[in-house]
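Engineer: Fold the following and give me the result.
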Amino acid sequence: MEAMFVQTPEQRAVLDTVRRFVEEVVRPRAAELDARADPAESYSWEIVERADAVGIRTMTLGREYGGLGADALTTAMVIEELGRGDLGVSVIFAQTLKIAQIMQKALSPEQRARVLPGFAADPRGMLAIGITEPDVSSDYLVPHPRPFGTAAVKAPGGFVLNGLKHFISNGNRASHCLVFAQTDPGQPLAEGATCFLVERGRPGFTTGIVHDKMGERLANNAELIFQDCFIPDENVVGSVGRGFRVLAEFFPQSNAYAGASALGVAVAAYEKAVGWARVRVQGGMPLIEHDGIRAQLAEMRMLIDASRSYIHRAAWLAEHQEHGWDRTLGALPKVMASQAAWKIATWCLEIHGGHGYMKETGVEKLVRDAAAFLHSDGANRTLFLKAANFMFSA
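Structural biologist: Sure, this is the predicted structure:
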């Protein structure tokens with residue numbers, strides 16, 4: 001169990017590489033990209049390609065594909081470090097890293113051989129997962145007996161897919177998407193949906209608007225539009241009608257990764273608050289010498305450390321479930337980290353006083369970013385209910 005709390009030499013080496021990438025590539029460009037009016041223009045292929053060059057993009061792929069075979073705990077550490085540089089950059093890679101892990105487990109041997117080498121070789125290869133719809137969001141987290149609006153009808157040799165997904169991270173950038181669609185209209189979505197592998201450029205598959213978000217702007221979230229899109233039988237992931245088994249069996253660390261992204265924002269806000277408190281003089285002495293500020297900084301540190309321990313526990317147990325996994329670990333770590341990030345970001349704003357309200361200090365961006373994971377990867381209230389259902393349902 002000590003693996004959750006003691007970094008290995010290999011993890012330290014990976015994190016050193018990620019920190020250099022963040023300081024040299026991400027931080028110098030994040031504010032300028034965030035400020036662009038067109039949300040699509042906030043995305044940077046240069047950042048993606050430079051991440052590929054140092055092995056970040058493919059680190060969760062097995063060594064047979066040129067990756068590191070990184071486990072969930074190491075991946076959570078990397079996602080946090082990326083979030084410390086910019087939340088959007090953390091999200092685009094968190095999605096790709098976790099879906100690459102899912103694909104290696106959920107795809108058939110034929111599908112892996114057909115898809116993964118090309119993905120690994122493409123420096124712009126990114127991944128997305130299409131679940132959320134305009135009228136179906138929390139209904140799949142706390143399953144409600146209704147179908148997806150996106151439907152796939154059986155046809156000779158495959159399925160014809162029609163519908164719309166939205167809010168999809170990497171939706172307009174991904175080379176491959178895992179898309180969930182209703183294949184049995186008489187069943188609720190948790191029992192009658194199928195997971196499909198959909199490649200970019202497939203006829204009938206286009207992307208719509210790029211959502212103009214308040215924060216997390218270096219990640220693009222977009223609509224996926226399917227209009228008589230033919231998906232061959234060989235692109236069915238798992239079994240027809242058993243799409244949600246893909247989520248249940250191969251997705252347990254997703255919540256921990258979302259928490260790690262939020263935690264990166266919390267760390268960035270804490271570091272900015274400490275730096276300002278050391279240099280800003282009020283009442284004849286630096287802010288950090290005022291008892292109230294010192295105590296507040298200590299509480300920030302406590303929230304960060306507690307959230308990190310929760311995330312690391314969930315990430316490690318996701319792959320070692322025999323040592324005490326319980327399903328609340330697939331719902332609550334992100335809630336805790338996002339609430340901590342929001343509190344820390346707003347406290348950072350207060351510690352900066354009027355300066356924090358000015359965009360040039362960078363605090364405003366952290367506040368906008370911290371708000372994202374109160375809603376993203378499941379609204380927090382929904383995830384509390386999901387966890388409570390795990391705890392108290394027969």
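Engineer: So, low pLDDT: which residues of this structure?
Structural biologist: Scanning the chain with the threshold set as pLDDT under 70 gives 1-4, 394.
Engineer: Can you give the domain ranges for it?
Structural biologist: By the assignment in automatic domain parsing, the chain contains the domains 2-126, 128-247, 252-392.
Engineer: Mind putting these into CSV with mean neighbour count?
Structural biologist: From N, CA and C alone the C-beta is placed, and that goes for glycine too. Putting the domains of the chain into CSV (neighbours: other C-beta atoms under 10 Å) gives the following:
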stretch, mean neighbour count
domain 2-126, 19
domain 128-247, 19
domain 252-392, 20
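Engineer: any idea how far residue 142 is from residue 149?
Structural biologist: 18 Å (C-beta to C-beta, to the nearest Å).
Engineer: If you could redo that for residue 272, that was the one I meant.
Structural biologist: 42 Å.
Engineer: Same question for residue 237.
Structural biologist: With distances taken as C-beta to C-beta, residue 237 is found 20 Å from residue 149.
Engineer: Going along the chain, name the strands of the stretch 201-350 of the chain.
Structural biologist: Taking DSSP state E, counting those that start in this stretch as the test, the strands found in the stretch 201-350 of the chain are 205-210, 221-232, 236-237, 281-282, 285-286.
Engineer: how about those strands in a markdown table, adding distance to residue 132?
Structural biologist: As requested, the strands of the stretch 201-350 of the chain are exported to a markdown table (distance: least, C-beta to C-beta, whole Å):
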| stretch | distance to residue 132 |
| --- | --- |
| strand 205-210 | 13 |
| strand 221-232 | 9 |
| strand 236-237 | 18 |
| strand 281-282 | 45 |
| strand 285-286 | 46 |
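Engineer: Nearest to residue 195, out of these?
Structural biologist: Within the strands of the stretch 201-350 of the chain, the stretch nearest residue 195 is strand 236-237; the backing value is 4.1 Å (C-beta to C-beta).
Engineer: Just the element for residue 163, please.
Structural biologist: In this assignment (DSSP states H and E), residue 163 forms part of strand 158-169.
Engineer: Just the C-alphas of that strand, formatted as CSV.
Structural biologist: Extracted C-alpha coordinates of strand 158-169, given in CSV (Å, rounded to 0.1, in the frame of the first residue of the first chain):
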residue,chain,number,x,y,z
GLY,A,158,-23.0,-2.5,-39.2
PHE,A,159,-25.1,0.3,-37.7
VAL,A,160,-26.4,3.7,-38.9
LEU,A,161,-25.8,6.3,-36.3
ASN,A,162,-27.8,9.5,-35.9
GLY,A,163,-27.8,12.1,-33.1
LEU,A,164,-25.9,14.8,-31.2
LYS,A,165,-23.4,14.8,-28.4
HIS,A,166,-22.2,18.0,-26.8
PHE,A,167,-19.6,19.4,-24.2
ILE,A,168,-17.2,16.7,-25.5
SER,A,169,-13.6,17.4,-24.5
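Engineer: That one pairs with which strands, and in what direction?
Structural biologist: Its sheet considered, strand 158-169 pairs with strand 151-155 (antiparallel), strand 221-232 (antiparallel) by DSSP bridges.
Engineer: I would like the residues contacting the helix or strand following it, please.
Structural biologist: Where DSSP H and E defines the elements, the next helix or strand beyond strand 158-169 is strand 176-182. With C-beta atoms under 8 Å, 6 or more residues apart in numbering as the test, strand 176-182 has contacts from 99, 102-103, 115, 119, 125, 127-131, 147-152, 159, 161, 163, 165, 168, 171, 189, 192-200, 224, 226, 237, 243-244, 246.
Engineer: and if we set it to 6 Å?
Structural biologist: Contact with strand 176-182 is made by 127-131, 147-148, 150-152, 161, 192-193, 195-196, 198-199, 243, as judged by C-beta atoms under 6 Å, 6 or more residues apart in numbering.
Engineer: next one: stretch 288-296
Structural biologist: Applying C-beta under 6 Å, 6+ apart, the contact partners of stretch 288-296 are 277-278, 287, 347.
Engineer: Distance to residue 261 added to the residues you listed, as CSV?
Structural biologist: Listed next are these as CSV, based on distance: C-beta to C-beta, whole Å:
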residue, distance to residue 261
277, 25
278, 27
287, 29
347, 20
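Engineer: Looking at those residues, which two lie furthest apart in space?
Structural biologist: Distance extremes for the contacts of stretch 288-296: the farthest pair is 278 and 347 at 15.8 Å, using C-beta to C-beta.
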